[in-house]
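Visitor: curious how this folds, go ahead:
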Amino acid sequence: MPTDTYRPLRFFLDTEFQENGYGHPIDMISIGLIADHGNDDVSELYLENTDFEWRDAKEWHRQNLRPALTQAPNTGYAARQMATVLRGWVDGQCRRRQVKVVNDALALSDPKVIPAAQIVVPQFFGWYCAYDWTLVGTLFGKLMDVPARWPSGASGAR
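Guide: You can find the predicted model right below:
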C-alpha cells in the first residue's frame, strides 16, 4: 500500500501592519499572497482589514499604503472573516495543484498504474516574515490554531 507523499506549494506572503509600541497589539492593515504554481503561473490574493482604524494610522500608511489598497475591489474584510477567506483561498490553490500533479502523473504513466497519493501542502515564504507569520496566525486565534497541514512558521525568502 503506497504511503502519502507531500508536495509543497510555495506561497509568498507580505503583510502591512502598524506597531504601536510596548503594551499595544500589532495591528494588521493588509495581507497579500502569491501562489507559485510554476512556469509563470501565479495566483494572487489581497485582503484589507476593515477593522483597522485609519484615523489612528501613521502618516506614512495613510499616504503610501491606503491609496493602493482602496483601488482593489472586493478585498475588504473584518479580521475574523480574513481568516476564512485566507484558508479557503490557500486550500483551493492546493487542490488546484493536487489535480495537476495527479493528471500529470496519469498522463506520463501506464493507465493501469495508480500514482501514490500526492498531498499538496502550503509552504510560506516572506521577506523578514516573523511579524507576517505572527499576524497570519493570530487571524485564526493563536499561532497554534493555523489550519491542519499548514506549517508552524514561514521561511525567509532571500
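
Visitor: where along this structure do the strands fall?
Guide: 5-18, 27-36, 42-49, 76-77, 118-126, 155-156 (DSSP state E).

Visitor: now the residue sitting nearest the centre point of the chain, which residues is it bridged with?
Guide: Against the mean C-alpha coordinate of the chain, by C-alpha atoms, centre = their mean, the closest residue is Leu33 at 4.9 Å. Taking DSSP bridges as the rule, Leu33 bridges to Leu13, Leu45.

Visitor: show me the contacts for the closest residue to Ile34 other than its chain neighbours.
Guide: Among residues not flanking Ile34 along the chain, Phe12 sits closest, at 4.6 Å (C-beta to C-beta, 6 or more residues apart in numbering). For the C-beta atoms, the positions are set from N, CA and C on the backbone; glycine is no exception. Shown in contact with Phe12 (C-beta atoms under 8 Å, 6 or more residues apart in numbering): 33-34, 36, 124-126, 157.

Visitor: ranking the strands of the chain by burial, who's on top?
Guide: strand 27-36 (a mean of 20; mean count of other C-beta atoms under 10 Å).

Visitor: residues contacting that one, please?
Guide: 9-18, 20, 42-49, 52-53, 57, 61, 65, 69, 75, 79, 82, 86, 89-90, 93, 132, 135-136, 138-139.

Visitor: any idea how many residues pack against the residue nearest to Gly137 when sequence neighbours are not counted?
Guide: Sequence neighbours aside, Leu143 is the residue nearest to Gly137 in space, at 3.5 Å (criterion: C-beta to C-beta, 6+ apart). Neighbour count of Leu143, defined by other C-beta atoms under 10 Å: 13.

Visitor: run a quick neighbour tally on Arg149.
Guide: Arg149 has 13 nearby residues by other C-beta under 10 Å.

Visitor: surely it and Gln123 touch.
Guide: No: using C-beta atoms under 8 Å, Arg149 is not in contact with Gln123; the gap is 10.6 Å.

Visitor: what's Tyr128 sitting at in phi/psi?
Guide: With angles defined as degrees, to the nearest 10, Tyr128 sits at phi 50, psi 70.

Visitor: thought it was touching Gly156?
Guide: Yes: in this structure Tyr128 lies within contact range of Gly156 using C-beta under 8 Å: 6.7 Å.
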